[in-house]
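Undergrad: mind looking at a prediction? Sequence and model below.
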Amino acid sequence: HLLMAPAEALSGDQKSPHLARVILARLKELVPTDQSFTSSGIQRLSAHFTDALLALLDNPHQLHYSASEVLTASKSFHDMSPCASFGHLTANQAILEAIAGERRIHVLDYDIGEGVQWASFMQALSSNPNTAAPHLRITAISNGTKGSASASQEVGRRLSAFAATIGQPFSFRIARLDQTKIFTPAAVKIVKGEALVANCVLHPAQLCSAASLASFLTGAAALGARVLTVIEEESGSVEAREEKGLVGEFRDELERYMAIWESLEAGYPMQARVREMVERVILKPRIAAAVMRAYGRKEGREGVAERCGEWMAAVGFQRVGLSFFNVCQAQLLLGLFNGGYCVEREEMNKLALCWKSCRLLSASVWAVPPPPE
């Protein structure tokens with residue numbers, strides 16, 4: 001209730017930043033200042049949201065962690081929750097089915113992150129002992145900043161080293177967005193005979209503008225991508241999705257992360273130190289970006305950047321039905337975790353991961369729009 005109060009004070013025609021500061025000051029008294037592993041999960045969650053709301057009033061400081069710390073936290077999150085692998089597994093299976101029998105595969109990845117999705121993809125490609133693994137080429141899309149490019153280069157080095165250990169033919173390249181953060185097909189080197197696919201993992205901490213994402217999707221279609229896979233965060237509940245306004249959007253994010261915290265508590269109540277690292281390095285920056293998104297501080301909050309699948313359907317992208325094996329594989333994955341998770345099939349091409357009644361994220365598969373008559 002205290003978290004909703006400053007959110008309401010920062011919304012509507014009668015905004016009151018002073019009232020929001022007073023409430024947030026009270027919240028800071030109630031939540032731990034160090035957000036250490038000795039505090040409860042709900043205290044740490046409240047602290048992260050309090051800091052995110054304070055960032056709306058003050059100039060927020062960017063959270064920076066070393067590449068090794070982010071990689072360690074990502075691996076731990078992968079072990080703790082299907083949130084880290086559900087989308088990757090579903091997208092990878094759809095891509096594998098689309099490129100079956102091809103000898104050269106080219107992946108355009110809009111946000112490669114730590115690259116963990118492609119390590120498992122390589123293992124699947126090279127798993128057949130009777131056939132040689134096809135050549136895999138990944139083009140990572142960089143937003144043009146020096147930090148983004150260097151992070152992508154480090155991911156490329158790690159993936160190349162991993163590919164070498166399993167005998168997977170592999171090459172890696174970076175394509176940069178232009179100065180306006182727009183993707184141009186000319187930035188990508190296309191080799192004749194390659195099966196081209198596109199992949200997008202969307203969450204607010206990395207999300208570029210709506211125009212940037214739209215340019216990538218339409219550009220991939222223009223290049224002839226065989227399929228496009230999209231992994232995106234979902235709304236927290238039906239009630240929150242139906243409520244309009246900034247307060248409703250904030251509640252949506254709050255309920256979604258409350259569900260994530262509850263799911264982590266159910267599965268790993270005793271691994272406090274590891275949980276604290278995952279929350280601090282992986283989830284806290286996402287919470288800050290999600291709150292910023294809810295209050296419209298991020299360019300391109302409307303449209304494609306927030307409801308990518310809905311936008312794709314509206315502009316003519318075709319839904320690609322998920323195979324029975326893909327759906328079963330997603331359900332088997334959830335069997336490795338505690339019983340609160342479930343799979344919801346919203347459309348023929350889309351699976352959503354839910355914790356009880358709360359939707360956490362989804363993966364969908366698309367084909368390019370048909371050519372105009």
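TA: Nice, thanks for sending it over. As the structure is a prediction and not an experimental result, all values here were calculated from the model. Numbers count the residues shown, from 1 in each chain.

Undergrad: helices along the protein, start to end?
TA: According to DSSP state H, the chain carries its helices in the segments 4-9, 17-30, 41-57, 67-80, 86-98, 116-125, 146-166, 210-222, 238-242, 246-267, 272-278, 284-294, 308-314, 324-334.

Undergrad: weakest of those helices in terms of mean pLDDT?
TA: With a mean of 44, helix 238-242 has the lowest mean pLDDT of these.

Undergrad: wait, which of the helices of the chain is closest to residue 182?
TA: Nearest to residue 182, of all the helices of the chain, is helix 210-222, at 4.5 Å by Cβ to Cβ. Every residue, glycine included, has its C-beta placed from N, CA and C.

Undergrad: who are the packing partners of that closest one?
TA: Counting by 3 or more Cβ pairs under 8 Å, 6 or more residues apart in numbering; DSSP states H and E, the packing neighbours recorded for helix 210-222 are strand 195-202, strand 228-233, helix 308-314.

Undergrad: again, only using 6 Å
TA: If contacts are counted by 3 or more Cβ pairs under 6 Å, 6 or more residues apart in numbering; DSSP states H and E, helix 210-222 sits against no helix or strand.

Undergrad: report the buried residues of that helix.
TA: Going by neighbour count (16 or more other Cβ atoms under 10 Å), the buried part of helix 210-222 is 210, 211, 212, 213, 214, 215, 216, 217, 218, 219, 220, 221.

Undergrad: next, the angle strand 228-233 makes with that helix.
TA: 150 degrees (axes from the mean of the first three to the mean of the last three Cα atoms, to 10 degrees).

Undergrad: from residue 153, how far out is residue 147?
TA: Per Cβ to Cβ, to the nearest Å, residue 147 is found 11 Å from residue 153.

Undergrad: so how far is residue 135 from the residue lying closest to residue 50 once chain neighbours are set aside?
TA: Closest residue to residue 50 apart from its sequence neighbours, by Cβ to Cβ, 6 or more residues apart in numbering: residue 27 at 4.6 Å. Distance, residue 27 to residue 135, using Cβ to Cβ: 54 Å.

Undergrad: check residue 333 too.
TA: Noted for residue 333: a distance of 28 Å to residue 135, by Cβ to Cβ.

Undergrad: can you list the domains in the chain?
TA: Annotated domains of the chain cover 4-65+248-253+271-294, 67-235+302-367 [automatic domain parsing].

Undergrad: so which of those domains comes closest to residue 262?
TA: Of these, nearest to residue 262 by Cβ to Cβ is domain 67-235+302-367, at 6.8 Å.

Undergrad: quote the end-to-end distance of the closest one.
TA: Distance between the two ends of domain 67-235+302-367: 34 Å, counting by Cα to Cα, to the nearest Å.

Undergrad: quick one: distance of it to the chain centre.
TA: Here domain 67-235+302-367 is found 9 Å from its chain centre; the criterion is Cα atoms, centre = their mean, to the nearest Å.

Undergrad: want to throw the helices of the chain into JSON lines with distance to residue 108?
TA: Listed next are the helices of the chain as JSON lines, based on distance: least, Cβ to Cβ, whole Å:
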{"stretch": "helix 4-9", "distance to residue 108": "37"}
{"stretch": "helix 17-30", "distance to residue 108": "42"}
{"stretch": "helix 41-57", "distance to residue 108": "32"}
{"stretch": "helix 67-80", "distance to residue 108": "22"}
{"stretch": "helix 86-98", "distance to residue 108": "11"}
{"stretch": "helix 116-125", "distance to residue 108": "12"}
{"stretch": "helix 146-166", "distance to residue 108": "13"}
{"stretch": "helix 210-222", "distance to residue 108": "6"}
{"stretch": "helix 238-242", "distance to residue 108": "30"}
{"stretch": "helix 246-267", "distance to residue 108": "28"}
{"stretch": "helix 272-278", "distance to residue 108": "29"}
{"stretch": "helix 284-294", "distance to residue 108": "23"}
{"stretch": "helix 308-314", "distance to residue 108": "15"}
{"stretch": "helix 324-334", "distance to residue 108": "21"}
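
Undergrad: of these, which is nearest residue 104?
TA: Taking Cβ to Cβ, helix 116-125 is the member of the helices of the chain nearest to residue 104, at 11.5 Å.

Undergrad: that closest one versus strand 195-202: what angle between them?
TA: If you take the same axes, to 10 degrees, helix 116-125 sits at 150 degrees to strand 195-202.

Undergrad: ok, which of the domains of the chain comes nearest residue 265?
TA: domain 4-65+248-253+271-294 (5.2 Å).

Undergrad: ends of that closest one, how far apart?
TA: First-to-last residue span, domain 4-65+248-253+271-294, Cα to Cα: 13 Å.

Undergrad: and if you look at stretch 25-44?
TA: By Cα to Cα, the extent of stretch 25-44 from end to end equals 16 Å.

Undergrad: so what's the residue count around the residue nearest to residue 78 when sequence neighbours are not counted?
TA: In space, and not counting its chain neighbours, residue 78 is closest to residue 84: 4.2 Å by Cβ to Cβ, 6+ apart. A total of 20 residues lie near residue 84 under the criterion other Cβ atoms under 10 Å.

Undergrad: ok, residue 84 touching residue 77?
TA: Yes - the pair residue 84 / residue 77 is scored as a contact, 4.7 Å apart, by Cβ atoms under 6 Å.
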